[in-house]
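Novice: Compute the structure for the input listed below.
(2 chains)
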Amino acid sequence: MTGGSGRTGAGSRRTGRRARGSLSETEILDAALLLIERHGLDALSTPVLARELGAGNTSVYWYFRSKTELLEALVDRLADDLYRQLPELPAETGLEQVEQYYAALRAAVRGRPAFVELLAADPGMVTARTEAVGIAHGRIAQERAAFDTDHERAERLRSVCFNYTVGYVIVESGVQREAGAGPTDWQEPDPGLDRSEYRVLHDLSGPLAFLSIDEEQFEIGLRLLLRGAAMNPTPAPAEADRRSR
Amino acid sequence: MELAKGAADPPRSKRRARGSLSGDEIVDIAERIVGEHGVAELSMSLVAKELNSGVTSIYWYFRSKDDLLQALADRVARQLYRGLPPIGDESWDFELMEYFLAYRDLIERVPVYRELITFRSELLFTRSIVAKTMFRRIEAGLELLVDAGLTPVQARQAYMSCSHYTSGFVILNHGHRRWTAGQDRGEQGGADEEHARRRARQLDNTEFRFGLNLIVNGICEEFGLTRGRRRPAASRHRGRAR
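Specialist: Predicted coordinates for the structure are as follows:
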């Protein structure tokens, strides 16, 4: 998508243009957010953004030298906002509280469609920036403290929970993007699948039943993860009988 | 199919002889571009350039980049499921872990898998023409759990927990690598090396196994299974037959 106007230079046309210095970083980020939510990440460009703001390209460049810089600032803001929304997590709390916390994290991420889109487009950048925003520091310490165990194990546990939650949202958003793209040839296990060949799937067929990527499945996986985490030391398969592949 | 295409109006240029192009050849090139440079870099014009042919010829075979990507995803998914080892005769928990470890290993080994699963996973999972192969694979995993004592619904819940965990993990790992590679090329500013290293550790093989093992223990706790219990002989036989 292009800006269309072809205008550059901030001072090229003064009429109808906003006064200089009236633009702020916050305003640019607000407009970028709106654009992503309305038209998607691909539609975002400096000319489009400038036009939306009634400003010149140069004014936008003044704040953000590249789309990457703009997106990074956007992620920082969304992440900050997201962590603020999360409930407090008391230290050495029960399984249920931790479960609710990560369920709230998933909901908070999903409640920000632009964040989900950014996450899917660049998971590396978004997770790195998210964990680096100022507020995340205290949050991560809280997440660690919620597990009643030593520092190193607590860090591993919280990182696994974070990865599970964020990874789930990405997979989920991919599947839903496809499902929402209109009439598709979704492949369902056919109820007529030969029962002798598919004895379990045969019983499970139904709309999207086999993929079951939804809130309920998220919570089940999280509970399994946390119930496993609550066992300390964690049982593991005997190393001796590991197959070499 | 090829004949029908050859009979159509050709783009007149001194480039490749007409009829010398094939759909497979186009997908080959797409596979190489996606594997080496990523989904984002794939374009119909780049494919045409690589093949020394006109863009119109490419559009003759694939209506859009998405069409081409779907063909690539179908090929990749087919190889993916064929490349997975069958379920063996060990205990259910051992086999379940091996199943998802093998899945992750395979994706990690082949760049184009990683790239597609990270950025276009829907192409691999939702409309793949290899659905039947995929169902067979899922069925084998579900049977493993049902034979261990779970109901079909519990089996699906346990299986999908491992499956989504694995996919998410692979995506985050690949995403992280792509991001740090971009930083090395100076595409992004403000790289925090210490953070990048820590993050890479959080996404490595040991941590993947650590998390998967937690889920398997959670399955025991939640559904009352015991680790290390051998599967009944009848189901082991079935497992091998697949």
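
Novice: for chain B, where's the lowest mean pLDDT among helices and strands?
Specialist: Lowest by mean pLDDT, DSSP states H and E among the helices and strands of chain B is helix B:2-7, with a mean of 41.

Novice: Could you list every helix and strand that the helix or strand following it packs against?
Specialist: As assigned by DSSP states H and E, the chain's next helix or strand after helix B:2-7 is helix B:23-37. Helix B:23-37 makes packing contacts with helix B:44-50, helix B:55-61, helix B:65-82, helix B:111-119 when contacts are defined by 3 or more Cβ pairs under 8 Å, 6 or more residues apart in numbering or on different chains; DSSP states H and E. For every residue, glycine as well, the C-beta is placed using N, CA and C.

Novice: One more pass at 6 Å, please.
Specialist: helix B:65-82, helix B:111-119 (3 or more Cβ pairs under 6 Å, 6 or more residues apart in numbering or on different chains; DSSP states H and E).

Novice: what residue is smack in the middle of chain B?
Specialist: residue B:113 (4.4 Å; Cα atoms, centre = their mean).

Novice: dump the residue contacts of it.
Specialist: B:76, B:107 (Cβ atoms under 6 Å, 6 or more residues apart in numbering or on different chains).

Novice: For chain B, what lies in contact range of chain A?
Specialist: B:94, B:121-122, B:126-127, B:131, B:135, B:139, B:142-143, B:146, B:152, B:156-157, B:160-161, B:164-165, B:167-169, B:171-172, B:175-176, B:178-179, B:188, B:202, B:211, B:213-215, B:217-219, B:221-222, B:227 (Cβ under 6 Å from any Cβ of the partner chain).

Novice: So which residues of chain A form helices?
Specialist: A:25-39, A:46-53, A:57-63, A:67-85, A:95-110, A:113-121, A:123-132, A:134-146, A:151-179, A:201-204, A:215-229 (DSSP state H).

Novice: okay, those helices in TSV with distance to chain B next?
Specialist: What follows is those, written out as TSV (distance: least, Cβ to the nearest Cβ, whole Å):
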stretch	distance to chain B
helix A:25-39	16
helix A:46-53	17
helix A:57-63	14
helix A:67-85	6
helix A:95-110	10
helix A:113-121	8
helix A:123-132	3
helix A:134-146	11
helix A:151-179	2
helix A:201-204	5
helix A:215-229	3
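
Novice: Buried deepest among those, which one?
Specialist: helix A:123-132 (a mean of 23; mean count of other Cβ atoms under 10 Å in any protein chain shown).

Novice: Let me know how buried the nearest residue to residue B:143 once chain neighbours are set aside is, in neighbour terms.
Specialist: Closest residue to residue B:143 in three dimensions, ignoring its sequence neighbours and counting by Cβ to Cβ, 6 or more residues apart in numbering or on different chains: residue A:200, at 5.6 Å. Residues near residue A:200, counting by other Cβ atoms under 10 Å in any protein chain shown, number 25.

Novice: Below-threshold pLDDT in the chain: ranges please.
Specialist: You didn't say which chain, so I picked chain A. A:1-21, A:178-193, A:205-211, A:232-233, A:237-245 (pLDDT under 70).

Novice: The intended chain is chain B.
Specialist: Using pLDDT under 70, chain B drops low at B:1-19, B:125-131, B:184-191, B:231-242.

Novice: Spatially, which residue comes closest to the closest residue to chain A within it, not counting chain neighbours?
Specialist: The nearest approach of chain B to chain A comes at residue B:168, 1.8 Å away (Cβ to the nearest Cβ). What sits nearest to residue B:168 in space, not counting adjacent residues and going by Cβ to Cβ, 6+ apart, is residue A:167, at 1.8 Å.

Novice: now do residue A:156
Specialist: Counting by Cβ to Cβ, 6+ apart, the residue nearest residue A:156 is residue B:210, at 6.1 Å.

Novice: what's the helix or strand harbouring the one you found in contact with?
Specialist: For residue B:210, the host element (DSSP H and E) is helix B:205-223. Contact with helix B:205-223 is made by A:160, A:224-225, A:227-229, A:231, A:234-236, B:93, B:97, B:100, B:150, B:154, B:158, B:161-162, B:169, B:227, as judged by Cβ under 6 Å, 6+ apart.

Novice: Now restrict those to buried residues only.
Specialist: A:160, A:224-225, A:227-229, B:93, B:97, B:100, B:150, B:154, B:158, B:161-162, B:169, B:227 (16 or more other Cβ atoms under 10 Å in any protein chain shown).

Novice: Can you tell me which of those is nearest residue B:52?
Specialist: residue B:169 (40.0 Å; Cβ to Cβ).

Novice: ok, how many other residues are close to the residue of chain B closest to chain A?
Specialist: 24.

Novice: what helix or strand is it on?
Specialist: Applying DSSP H and E, one finds residue B:168 within helix B:152-184.

Novice: Report all helices and strands that that helix contacts.
Specialist: helix A:123-132, helix A:151-179, helix A:201-204, helix A:215-229, helix B:92-109, helix B:111-119, helix B:131-147, helix B:205-223.

Novice: need those helices in a markdown table with distance to residue A:143, can you?
Specialist: Conversion of those to a markdown table gives the following (distance: least, Cβ to Cβ, whole Å):
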| stretch | distance to residue A:143 |
| --- | --- |
| helix A:123-132 | 11 |
| helix A:151-179 | 4 |
| helix A:201-204 | 34 |
| helix A:215-229 | 12 |
| helix B:92-109 | 25 |
| helix B:111-119 | 25 |
| helix B:131-147 | 30 |
| helix B:205-223 | 15 |
